[in-house]
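> let me see the structure of the following:
(2 chains, ligands or ions: 3)
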Amino acid sequence: MAHLKVNQEKITDKEQLIKICPFGAIEEINGKIEIGAACKMCRLCVKKGPAGAIEYVEEDIPQIDKNKWKGICVYVDHVEGNIHPVTFELIGKARELASKINHPVYAVFIGENIKDKAEEILHYGVDEVFLYDNKELVDFRIEPYTACFEDFINKIKPSIILVGATTVGRSLAPRVAARFRTGLTADCTVLDVKENTDLVQIRPAFGGNIMAQINTPNTRPQLATVRYKVMSAPQRNDEKSGKITLMDIEKEKLNSNIEVISVTKKEKEVSISDAEVIIACGRGVKSQKDFEMIKELCDLIGAQIAVTRPLIEAGWADAKRQIGLSGRTVKPKLIITCGISGAVQFTAGMRGSDCIIAINKDEKAPIFNVAHYGIVGDLYEVLPRLIEKIKVSKGA
Amino acid sequence: MDILVLIKQVPGTNKVEVDEKTGVLKRDGVDSKMNPYDLYALETALRIKQNKGGKISVLSMGPPQAESIIKEAYMMGADDGALLSDRKFAGADVLATSYTLSQGIKKIGKADLIICGKQTTDGDTAQVGPEIAEFLGIPHVANVRKIIEIKEKSIVVEMDMPETVEIVDIKFPCLITVEKDIFQPRLPSYKKKLETKDREIKVFSLKDFDDKNEKKYGLNGSPTQVERIFPPSVNNDKEIWQGNSDELTEKLYKKLKDLKFIQ
Ligand SMILES: Cc1cc2nc3c(=O)[nH]c(=O)nc-3n(C[C@H](O)[C@H](O)[C@@H](O)COP(=O)(O)OP(=O)(O)OC[C@H]3O[C@@H](n4cnc5c(N)ncnc54)[C@H](O)[C@@H]3O)c2cc1C
Ligand SMILES: Cc1cc2nc3c(=O)[nH]c(=O)nc-3n(C[C@H](O)[C@H](O)[C@H](O)COP(=O)(O)OP(=O)(O)OC[C@H]3O[C@@H](n4cnc5c(N)ncnc54)[C@H](O)[C@@H]3O)c2cc1C
Ligand code: SF4
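Ligands and ions are numbered 1, 2, ... in the order given. The predicted model follows:
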């Protein structure tokens, strides 16, 4: 069994060593250093501790034959046949990885009446789409979907499987990984592949405060989930390429203890705390009716609208949409502030955002101190032009 | 009805920082607490018990100190608790953790309903629940945001999908993972604290399990390996754009496109 060996005599400073462990697993018991059950085998103590003090002892484990597993597969995420765009982003990534190790790119599509939709996937450079089309598969239910996935893996033996980190993907991928007793890395933000087909997976943990590089060295297939909008979708080709293969599966395998009673469309969320993109308005927005323009932009880029306190006081928006010290704290991927001066009481609620774009006509406005990209200009000049441009690009 | 809630001990804060030079994680203190998402799971169980009666057990895998979160669960109203603790469980990834917990569940006796939190605040994968369900061979539903009805042989729940809400009926035994805000968790009660002061916490290790194969637990049973931990890159860009409105719009458009906010 691989384990850590503690060489007491090589320990120079016990306190120091104990502090190295991020998981509090190193303890001093009766004057001796011991490794406890909290150990995550991150091996930081081996690398950062006094030389030789903690040793990683590996036992020879039989290595699997990685050549038996070929192909990079993308799970086609959909609800009622409407393919989620994360699927195309993953196909783009799969193609990039596949070209490095000379593997084919596959897609596995599970549902009912989806043949037409499968044709669409052929516009994105997939070599083969494996189709499970059956009336038992009309709604996502965990047992039959896992059964199809299992059938696919057993027949095709793909090396790598990429799944969108959607509600369905996050439910299905772990189930499949456990069935094959293989590794699954959640919410990867960077993916690469080694010559020996090992997938290099980088993901955030501890609420995004650290990044971890994770490897699945001795099991196949390797599974990873990736969130929407992390990878880039490839251009759609006018020509189709690749083929569709219809897969058979025994009916008995499609039984389920789950019955889907209803599927209803949701009203749009209003919480700005969970929003990934926010457009925040301040007093630079002259009247409440100008919100129409802001809302139009919000719809185009999938943003939530938020405001500064004076706009709440003016009764222009619901208090739930206020950012700042006496409002909500937000940490979106993108926030665009429009006509906001950047008082500390406001910025306290949004400084942590990944990307801050500020539009203000006063180049001395303090908001430019926290912005990553500052636009010194009139929001009534810039925003209408931007809206026009986005509409043209969307072909609307 | 027997309900089992899975709870994990996590660091008191996830505000960890990585020292860029040494690669060592810096944490304020080594405080730990119950994974906040598991409080919602426990509250869900308590509400079901209030309506339908039954027994609530909690189960955790972790170091001996994790007994403290089981005590906390007692103070909230759990009836019974067990801890799976063994050095051989150390270094477990999701697969090994889920397998260990599934063995522990078999040991303490199967429940009708197993409830997990949505995710943890440290490992943060949200994968443990579904993998346990697989090892137990029972159905699961993730992202449950509402309990609609408890029937004789099944439970009706509302599942949160990105654009839709699905109402599904799942037969017992089954596992659900619950969203935060499904119910507001109660605070631990002082009265319960006194009442449960001497309540037993069962501790099991590998030798108590049906499957004693060391290769399936801890580091050896973990297909994934953390190769390296490092700080996230922060956006240190600082650009101020000036010019006429067309130029500014062009720059803004291009930036939004580069950052993939416009497809
Ligand atoms: C930086 C970092 C990154 C990691 N990335 C991965 C990865 O991508 N893939 C991987 O396989 N492993 C990974 N691991 C290991 C993995 O996170 C944990 O070791 C694993 O034990 C639990 O996963 P989780 O915390 O993500 O739980 P989650 O799956 O997020 O937990 C969901 C629910 O399961 C229950 N639960 C989880 N753990 C326990 C427990 N110990 N006892 C009782 N109930 C529990 C709780 O109800 C919890 O709310 C990573 C570890 C670190 C430190
Ligand atoms: C205890 C306390 C708590 C507070 N809590 C909060 C809080 O939680 N949230 C909050 O937001 N505030 C809070 N405030 C108020 C805060 O101090 C500021 O007064 C407020 O944030 C300013 O809002 P603003 O930026 O919209 O308005 P202003 O400060 O008036 O800024 C308007 C900006 O718009 C620019 N502008 C005008 N026209 C245009 C145009 N056409 N194009 C581009 N730019 C233009 C101007 O140059 C100016 O910089 C709090 C204050 C106190 C005392
Ligand atoms: S390997 Fe990592 S978790 Fe284990 S004792 Fe060393 S530092 Fe701590």
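> only C-alpha atoms from now on, for both contacts and neighbour counts.
OK.
> what sits against A:K243?
Residues near A:K243 by Cα atoms under 8 Å, 6 or more residues apart in numbering or on different chains: A:122, A:127-129.
> OK, contacts around residue 111?
You didn't pick a chain, so chain A it is. Applying Cα under 8 Å, 6+ apart, one finds that A:G111 lies in contact with A:80-81, A:132-135, A:137-140.
> not quite, I wanted chain B
Contact criterion Cα under 8 Å, 6+ apart gives B:2-4, B:105, B:173 as the residues in contact with B:A111.
> got the end-to-end distance for stretch B:44-62?
With Cα to Cα, to the nearest Å as the measure, stretch B:44-62 spans 23 Å from end to end.
> actually stretch A:116-126, not the one I wrote
Taking Cα to Cα, the first and last residues of stretch A:116-126 lie 15 Å apart.
> same check, this time on stretch A:372-383
With Cα to Cα as the measure, the ends of stretch A:372-383 fall 18 Å from one another.
> and if you look at stretch B:203-214?
End-to-end span of stretch B:203-214 (Cα to Cα): 18 Å.
> okay, buried residues for it please.
By 16 or more other Cα atoms under 10 Å in any protein chain shown, the buried positions in stretch B:203-214 come out as B:203-206, B:209.
> hang on, the earlier thing: tell me the buried residues within the contacts of A:G111.
Burial of the contacts of A:G111 was assessed by neighbour count (16+ other Cα under 10 Å); the buried members are A:81, A:132-134, A:137-140.
> just give me the neighbour total for whichever residue of the stretch 51-200 of chain B sits closest to ligand 3.
Shortest the stretch 51-200 of chain B-to-ligand 3 distance, computed as Cα to the nearest ligand atom: residue-wise this is B:G91, at 7.2 Å. Using other Cα atoms under 10 Å in any protein chain shown, B:G91 is surrounded by 24 other residues.
> is it fair to say it lies in a strand?
No: residue state for B:G91 (DSSP: H, G, I helix; E, B strand; the rest coil) corresponds to coil; a strand is not indicated.
> wait, isn't it in contact with A:R43?
No: counting by Cα atoms under 8 Å, B:G91 stays clear of A:R43, with 9.9 Å between them.
> and A:F206, how far is that from ligand 1?
In this structure, A:F206 lies at 7 Å from ligand 1, with Cα to the nearest ligand atom, to the nearest Å as the measure.
> so what's the residue count around that residue?
Here the count is done by other Cα under 10 Å, and A:F206 has 21 residues near it.
> quick check: longest helix of chain B.
For chain B, the helix with the greatest residue count under DSSP state H is helix B:36-52.
> contact partners for residue 182?
Assuming you mean chain A. Residues in contact with A:T182, defined by Cα under 8 Å, 6+ apart, are A:216, A:219-223, B:95, B:223-224.
> wrong one, chain B
Residues in contact with B:I182 (Cα under 8 Å, 6+ apart) are B:40, B:44, B:144-146.
> export those as TSV, with columns for pLDDT, distance to ligand 2 and neighbour count.
Written out in TSV, the entries for the contacts of B:I182 read as follows (pLDDT from 0 to 100; distance: Cα to the nearest ligand atom, whole Å; neighbours: other Cα atoms under 10 Å in any protein chain shown):
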residue	pLDDT	distance to ligand 2	neighbour count
B:Y40	97	28	25
B:T44	97	33	22
B:V144	96	32	23
B:R145	94	29	19
B:K146	95	32	18
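> please identify which of these is nearest to chain A.
Set against chain A, the nearest of the contacts of B:I182 by Cα to the nearest Cα is B:V144 (10.5 Å).
> how is the closest one assigned, secondary-structure-wise?
Of the three states, B:V144 takes strand according to three-state DSSP.
> show me what the longest helix of chain B packs onto, helices and strands only.
strand B:2-6, strand B:55-61, strand B:113-117, strand B:174-178 (3 or more Cα pairs under 8 Å, 6 or more residues apart in numbering or on different chains; DSSP states H and E).
> let's see the pLDDT reported for residue 114.
Unless you meant another one, I'm taking chain A. A:I114 is assigned a pLDDT of 95 by the prediction.
> you looked at the wrong chain, it should be chain B
Spelled out, the predicted local distance difference test score at B:I114 is 98.
> who's in contact with it?
When the contact criterion is Cα under 8 Å, 6+ apart, the partners of B:I114 are B:3-6, B:173-176.
> of those, which ones also sit close to ligand 1?
Residues of the contacts of B:I114 in contact with ligand 1 (Cα under 6 Å from any ligand atom): B:L6.
> just the helices in the stretch 201-350 of chain A please.
For the stretch 201-350 of chain A, the helices defined by DSSP state H, counting those that start in this stretch occupy A:291-301, A:309-313, A:344-347.
> next, count neighbours for the closest residue to A:K265 other than its chain neighbours.
Excluding the flanking residues, the one nearest A:K265 by Cα to Cα, 6 or more residues apart in numbering or on different chains is B:T164, at 4.3 Å. Counted with other Cα under 10 Å, the neighbours of B:T164 add up to 16.
> swap in A:K289?
Taking other Cα under 10 Å as the criterion, the count of residues near A:K289 is 10.
> what sits against the residue of chain A found nearest ligand 1?
Shortest chain A-to-ligand 1 distance, computed as Cα to the nearest ligand atom: residue-wise this is A:T185, at 3.3 Å. Taking Cα under 8 Å, 6+ apart as the contact definition, A:T185 lies against A:201, A:203, A:214, A:223-225, B:125, B:224.
> switch the cut-off to 6 Å
With contact set as Cα atoms under 6 Å, 6 or more residues apart in numbering or on different chains, A:T185 has these partners: A:A224.
> check A:K265 and give its pLDDT.
Reading off the per-residue confidence, A:K265 sits at a pLDDT of 86.
> in a markdown table: the helices of the stretch 201-350 of chain A, plus mean neighbour count, mean pLDDT and distance to B:L252.
Rendered in a markdown table, the data for the helices of the stretch 201-350 of chain A read as follows (neighbours: other Cα atoms under 10 Å in any protein chain shown; pLDDT from 0 to 100; distance: least, Cα to Cα, whole Å):
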| stretch | mean neighbour count | mean pLDDT | distance to B:L252 |
| --- | --- | --- | --- |
| helix A:291-301 | 16 | 94 | 13 |
| helix A:309-313 | 17 | 93 | 25 |
| helix A:344-347 | 18 | 90 | 21 |
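> now those as TSV including distance to chain B?
Supplementary listing: these in TSV, determined by distance: least, Cα to the nearest Cα, whole Å:
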stretch	distance to chain B
helix A:291-301	6
helix A:309-313	25
helix A:344-347	16
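> I'd like the distance between the one residue in the stretch 101-250 of chain A that gets nearest to ligand 3 and B:L136.
Residue of the stretch 101-250 of chain A nearest ligand 3, by Cα to the nearest ligand atom: A:A212 (13.0 Å). A:A212 sits 29 Å away from B:L136 when distances are taken as Cα to Cα.
> just B:N220 next, same as before
If you go by Cα to Cα, the gap between B:N220 and B:L136 works out to 21 Å.
> is A:E28 located within a strand, as I assumed?
Yes: under three-state DSSP, A:E28 sits within a strand.
> beta partners of it?
In this structure, A:E28 bridges to A:I33 when assessed by DSSP bridges.
> and it, how many neighbours?
Neighbours of A:E28 (other Cα under 10 Å): 14.
> nearest residue to A:I11 in space, please, no chain neighbours.
Take A:I11 and drop its neighbours on the chain: the residue closest to it by Cα to Cα, 6+ apart is A:A53, 5.4 Å away.
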